[in-house]
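Colleague: no FASTA, just this:
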């Protein structure tokens, strides 16, 4: 597999939030990725009931765990009266 240089980058999130807002942003992003994998798993399974959906299953489990891992961070920031900075970029690369 040949990977070329990233051809497009977009800054998805780059801001300072209250802990509640930060929680909403992160949970929304994770929820969308979980939904993507659930829909993908369903479409693959509809075509072939014996198909391997272990990648999607694994990603869903991993994303749910990450969602749990973020909760204490936002709670800590809320208790301390602090804000949360979130930075996140999306990079698109064409591969061969």
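Modeller: Perfect, I can see it now. These numbers come from a predicted model, not from an experiment.
Colleague: All the strands of this protein, in order from the start?
Modeller: Taking DSSP state E, the strands of the chain run over residues 8-17, 84-92.
Colleague: Spatially central residue in this protein, please.
Modeller: Per Cα atoms, centre = their mean, the C-alpha nearest to the average position across the chain is that of residue 30, at 3.9 Å.
Colleague: dump the residue contacts of that residue.
Modeller: 63, 66-67 (Cβ atoms under 8 Å, 6 or more residues apart in numbering). In this view, the C-beta of every residue, glycine as well, is placed from N, C-alpha and C.
Colleague: and the strands of the chain as JSON lines, adding mean pLDDT?
Modeller: Putting these into JSON lines (pLDDT from 0 to 100) gives the following:
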{"stretch": "strand 8-17", "mean pLDDT": "95"}
{"stretch": "strand 84-92", "mean pLDDT": "95"}
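Colleague: Count the residues that sit near the nearest residue in space to residue 60 that is not next to it in sequence.
Modeller: Spatial nearest neighbour of residue 60, excluding adjacent residues (Cβ to Cβ, 6 or more residues apart in numbering): residue 37 at 5.0 Å. The local packing of residue 37 (other Cβ atoms under 10 Å) involves 19 other residues.
Colleague: repeat for residue 84
Modeller: A count of nearby residues for residue 84, using other Cβ under 10 Å, gives 21.
Colleague: Go ahead and confirm it touches residue 19.
Modeller: Yes - counting by Cβ atoms under 8 Å, residue 84 does reach residue 19; the two are 5.7 Å apart.
Colleague: Need the overlap of contacts for the two.
Modeller: Applying Cβ under 8 Å, 6+ apart, one finds that residue 84 and residue 19 are jointly contacted by 74, 77.
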